[in-house]
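Colleague: Got a predicted structure here, sequence first:
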Amino acid sequence: MTQDGFRAEDIDTSRPHPARIYDYLLGGKDNYEVDQEAAERLEAAAPEVRPGLRANRAFLQRAVRYVVDSGVRQLLDIGTGLPTSPNVHEIARAAAPDVRVAYVDNDPIVAAHAGALLSASGTNSVVLADLRDPRGVVEHPDIRRIIDFDRPVALLLVAILHFLTDADEPERVVATLRDALPAGSYLVLSHATGDFADRSEAQAVYQRATASLNLRTRAQVERLFDGFELVEPGLAQVPYWRPDTPPPPGSELIGFYAGVARKTG
Ligand SMILES: C[S@@+](CC[C@H](N)C(=O)[O-])C[C@H]1O[C@@H](n2cnc3c(N)ncnc32)[C@H](O)[C@@H]1O
């Protein structure tokens, strides 16, 4: 065990990892040389990647405020990523101090760093689990300690589902989670796409990484919302989802769809 509480052999520093590439591109320090090199190749292949990730993070903030303002007090954030200020519970608690947050990630480094930073208050939990086993997530005792599945939950799947291959059946995964949620719950989702520019070179960067990048079309992303009703403005590129200020020039190239939807039935 390292002092962060994970086993050193669990950390693969020989291959780039999505969480650490993302951390590097957002200006964080929790990344290694392999991640920095991959991030730089990614930027060369897709120059809008850095503003795109910032816009994704800004969408996350607006969407969290939206669901909390709509009355939800429990958030299940799957694919948390390395801590990035402001973190989800900080955004949510600025709007309502009684919000409870369960964080899930399958990266032991994320779970350890996030665990140290985010679970101090007792109203958050950080769980090492895999989205590809959605039942395992909703049945996890540390999640059940925080989340009451009889009351509305906001399920956050932000910039994670593109790390699931078609063989992982992302639609089935989301449907399993949806079925565990009561009416009045929300789905907050963003997903990478190649609809606005050719992103095959960006995809190639992830071929050596611990997870592949699976770009999906608008129609494929819309299907992930089955059983939910999208709130206005529907599925949009991240900068255009209820922007606080007009999106800057170049936003039209950003390859991330975003949507927030409510479970009605
Ligand atoms: C790009 S980061 C997104 C972080 C945050 N949601 C955001 O949008 O700012 C994706 C995160 O998903 C995690 N992840 C990827 N595949 C996963 C899986 N199958 N189960 C759980 N977490 C996963 C990665 O470890 C990484 O931390």
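Modeller: Everything's here; your move.
Colleague: ok now do the closest residue to Leu230 other than its chain neighbours, which residues does it touch?
Modeller: The shortest distance from Leu230 to any residue other than its chain neighbours is 4.5 Å, reached at Ala261 (C-beta to C-beta, 6 or more residues apart in numbering). (Glycine included, C-beta is placed from N, CA and C.) By C-beta atoms under 8 Å, 6 or more residues apart in numbering, Ala261 lies in contact with Tyr186, Leu187, Leu189, Phe225, Phe228, Glu229, Leu230, Val231.
Colleague: Then Arg135?
Modeller: Counting by C-beta under 8 Å, 6+ apart, Arg135 has contacts Thr176.
Colleague: mind checking the SS state of it?
Modeller: Classification of Arg135 using DSSP: H, G, I helix; E, B strand; the rest coil returns helix.
Colleague: Tell me which strands the one helix or strand Val104 maps to pairs with, and in which orientation.
Modeller: In the assignment (DSSP states H and E), Val104 maps to strand 100-105. Paired neighbours of strand 100-105 in the sheet (DSSP bridges): strand 74-78 (parallel), strand 124-128 (parallel).
Colleague: quick one on the thing from earlier: which strand residues bridge the residue nearest to Leu230?
Modeller: Going by DSSP bridges, Ala261 forms beta bridges with Leu187, Leu230.
Colleague: just so I have it, where are all the helices in the stretch 151-265 of the chain?
Modeller: Under the criterion DSSP state H, counting those that start in this stretch, helices of the stretch 151-265 of the chain are mapped to 170-179, 200-205, 218-223.
Colleague: want to throw those into JSON lines with distance to the ligand, mean neighbour count and mean pLDDT?
Modeller: Formatted as JSON lines, the helices of the stretch 151-265 of the chain follow (distance: least, C-beta to the nearest ligand atom, whole Å; neighbours: other C-beta atoms under 10 Å; pLDDT from 0 to 100):
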{"stretch": "helix 170-179", "distance to the ligand": "9", "mean neighbour count": "18", "mean pLDDT": "98"}
{"stretch": "helix 200-205", "distance to the ligand": "13", "mean neighbour count": "16", "mean pLDDT": "89"}
{"stretch": "helix 218-223", "distance to the ligand": "15", "mean neighbour count": "15", "mean pLDDT": "98"}
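Colleague: could the ones you listed go into TSV alongside distance to Glu252?
Modeller: Compiled in TSV, the helices of the stretch 151-265 of the chain are given as follows (distance: least, C-beta to C-beta, whole Å):
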stretch	distance to Glu252
helix 170-179	26
helix 200-205	17
helix 218-223	14
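Colleague: hang on, the earlier thing: per-residue confidence averaged over the strand holding Val104?
Modeller: If you average the pLDDT over strand 100-105, you get 95.
Colleague: Extract the C-alpha set from it and format it as PDB.
Modeller: Coordinates of each C-alpha in strand 100-105 appear next as PDB, following Å, rounded to 0.1, in the frame of the first residue of the first chain:
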ATOM      1  CA  ARG A 100     -25.200  14.300  -0.500                       C
ATOM      2  CA  VAL A 101     -22.800  13.000  -3.100                       C
ATOM      3  CA  ALA A 102     -21.600   9.500  -3.900                       C
ATOM      4  CA  TYR A 103     -18.500   9.500  -6.200                       C
ATOM      5  CA  VAL A 104     -17.500   6.400  -8.300                       C
ATOM      6  CA  ASP A 105     -14.500   5.800 -10.400                       C
END
